[in-house]
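**Q** my questions are about this predicted structure, shown below with the sequence.
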Amino acid sequence: MIKYNLKMGVNNIADLLRKKIGSTKVKTSEEYLLSYSYDSTGIKKKPDIVAFPENESDISNILKIASKFKIPLTPRGGGLGYSGGSVPVEGGIVLAFSRMNRIIRFDEKNLLMEVEPGVITSKVIEVSESRGLFYPPDPASLKNSTIGGNVSENAGGPRCFKYGVTSDYVMAVEGFLMNGEKVKFGSYSIKDVSGYDIKKLIVGSEGTLIVLSKIILRVIPKPESRILIRVGFSSMRSGADFIMKIIRFNLSPSVLEFIDKTSLDAVNKYLQTEKDSSINSVVLLELDGGKEEIANKLNSLKQLASEFGINDIEIADNEDDMEELWSIRRNLSPAISSLKPKKINEDIAVPIGNVPDAIEYISGLADEYNINVVMFGHLGDGNIHTNVMIDPSNKREVENSKIVLDKIFKYVISVKGTISGEHGIGLSKKEFLGYQYSEREIEIFRKIKGVFDPENLLNPGKIF
Ligand SMILES: Cc1cc2nc3c(=O)[nH]c(=O)nc-3n(C[C@H](O)[C@H](O)[C@H](O)COP(=O)(O)OP(=O)(O)OC[C@H]3O[C@@H](n4cnc5c(N)ncnc54)[C@H](O)[C@@H]3O)c2cc1C
């Protein structure tokens, strides 16, 4: 439902914006409206206007106009979200951050970076590494996702098992309230307990509280070296049990990924590689640190593997070989997408000790309802990417996918897990938020939103 002042009309609002910030920064043509109407969920809704701020003053001016005429506004980074966060469900303005993509300052003395929200994640990683430093959060979408999107979703990735998620690297945020007023939360100091930790609240708030204009990120020294290891298992359960052993053993791998049998079959088919029929799950892990530390950990790892009857593990210690071992994981997304026309992509997370049971429970459901469920992910932190693959023209699959998803979410809550480990609630999971939170708790979310955005104009229709 469009809430803005229709008397003004879209063209008049666009003209007002053009006069205020410049005509090249405001677009209303069909090609722009279509290009900014969806994210990776495939949910679509066209905005009425796409605006491209180039600096803070543009953001403030756009917000003041949107707020005055009660026009909904949706910030957008790379549009790679998996929960519909950047889809403008109520129309209005999409605020696209592709032109605010500068690294403002690299402060090596304080191990900090000041960046604009539209900077691509991989650029932050590359610039840090070029100075012998390290920005660990590595969502698989890092070549196209933005830091603004990562901060808003509190993105994670394979390395987050050892190094933590995006919020662990955000020192401070600057941005604008929906009425155009500038606000800052956090500081450049590692320790900071002044007032409420609003910065932490904003990280992961899915673009519903403030519009980010500057983010202060922390970087750490780069580990001296790393190796990648691939271990194959005869069953899904043994792969998941191996992961639990590794966590318990304190090997602290920097990456700990699990790939199930359906994913392996899909990747082999997609890459036209030969399948080893004795392998039904794969664990990929990376060890990093000093050379001696890695050698000691590798010995322990081999010992653990032998307890599972495995004497053959693949080890890569140079970039080319690592890329080769990593290829299964990198090709997972396109490979599983080729299984069925529609992928329902969920990212549940459970307490780590429940991971093996959760995997068994979900594959049991897949068998019971005769439906394709593909599981992989950062199991070290309990995050299981659960992809239900269906053909939307097949009524049985559509119905069964709903039953299976409902049962998965209920199971996750029954073991005190969460319906989303890293993709956020957005549009796609908001009907399930009530499984995790009571009415009263959701009302508290609403009240917090109301403090920042009393008229509910900033990214409306999301989360609750
Ligand atoms: C192939 C693939 C792999 C992925 N792998 C991972 C993964 O490993 N880990 C993971 O966590 N996620 C992953 N994702 C999901 C997604 O990439 C992340 O959620 C990412 O953080 C989205 O960034 P984006 O720039 O595309 O944001 P968008 O999708 O554009 O936006 C995401 C949210 O951020 C808000 N936002 C964007 N910019 C601003 C701003 N300046 N101010 C306020 N709000 C803003 C939007 O309104 C929206 O709510 C993956 C997605 C794909 C397609």
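**A** Perfect, I can see it now. Every value quoted in this text rests on a predicted model; they were computed, and no experiment measured them.
**Q** in a strand, Gly424, correct?
**A** No. Counting by DSSP: H, G, I helix; E, B strand; the rest coil, Gly424 is not part of a strand but coil.
**Q** mind listing what it touches?
**A** 81-83, 85, 152-154, 204, 206, 463 (CB atoms under 8 Å, 6 or more residues apart in numbering). Every residue, glycine included, has its C-beta placed from N, CA and C.
**Q** over to Arg18?
**A** 25-26.
**Q** that one is in what secondary structure piece?
**A** Taking DSSP states H and E as the definition, Arg18 sits inside helix 9-21.
**Q** likewise for Arg105?
**A** Assigned by DSSP H and E, Arg105 belongs to strand 103-107.
**Q** and if you look at Ile246?
**A** Going by DSSP H and E, Ile246 is part of helix 236-248.
**Q** now the closest residue to Val267 other than its chain neighbours: which helix or strand?
**A** Leaving aside its chain neighbours, Val267 sits nearest to Ala335 (4.4 Å; criterion: CB to CB, 6 or more residues apart in numbering). Here Ala335 sits within helix 332-337, counting by DSSP H and E.
**Q** same deal with Val374?
**A** Assigned by DSSP H and E, Val374 falls in strand 372-377.
**Q** just the strands in the stretch 301-450 of the chain please.
**A** Along the stretch 301-450 of the chain, the stretches classed as strands by DSSP state E, counting those that start in this stretch are 314-316, 342-349, 372-377, 383-390.
**Q** just the stretch 51-200 of the chain next, same as before
**A** With strands called from DSSP E, counting those that start in this stretch, the stretch 51-200 of the chain shows them at 73-76, 93-96, 103-107, 112-115, 133-134, 170-176, 182-186.
**Q** end-to-end on stretch 348-364?
**A** 17 Å (CA to CA, to the nearest Å).
**Q** that one: which residues count as buried?
**A** Neighbour counts over stretch 348-364 (16 or more other CB atoms under 10 Å) mark 348-350, 352, 354-356, 358-359, 361-363 as buried.
**Q** Val231: neighbour count?
**A** Neighbours of Val231 under the rule other CB atoms under 10 Å: 25.
**Q** where does pLDDT dip in the stretch 251-400 of the chain?
**A** Across the stretch 251-400 of the chain, nothing is flagged by pLDDT under 70.
**Q** so what's the residue of it found nearest the ligand up against?
**A** The ligand sits closest to Ser333 of the stretch 251-400 of the chain, with a gap of 4.8 Å, by CB to the nearest ligand atom. Ser333 is in contact with Ala140, counting by CB under 8 Å, 6+ apart.
**Q** can you check Arg99 too?
**A** Counted by CB under 8 Å, 6+ apart, Arg99 has contacts 25, 52-54, 118.
**Q** got a winner among the residues you listed for most neighbours?
**A** Counting neighbours by other CB under 10 Å, the top entry in the contacts of Arg99 is Pro53, with 27 neighbours.
**Q** how close does that residue get to Gly79?
**A** In this view, Pro53 and Gly79 are 16 Å apart by CB to CB, to the nearest Å.
**Q** could you do Leu298 as well?
**A** Computed as CB to CB, the Leu298 to Gly79 distance reads 40 Å.
**Q** who has more neighbours out of the two?
**A** Gly79 (21 against 17).
**Q** how about the strands of the stretch 301-450 of the chain, which one is nearest Gly175?
**A** Set against Gly175 and scored by CB to CB, these come closest in strand 342-349, at 25.8 Å.
**Q** who touches that closest one?
**A** Contacting residues not belonging to strand 342-349 are listed as 40-41, 82, 336-337, 358, 377, 381-392, 401, 405, 408-409, 412, 417-423, 429 [CB under 8 Å, 6+ apart].
**Q** out of these, which are buried?
**A** 40-41, 82, 336-337, 358, 377, 381-390, 401, 405, 408-409, 412, 417-423, 429.
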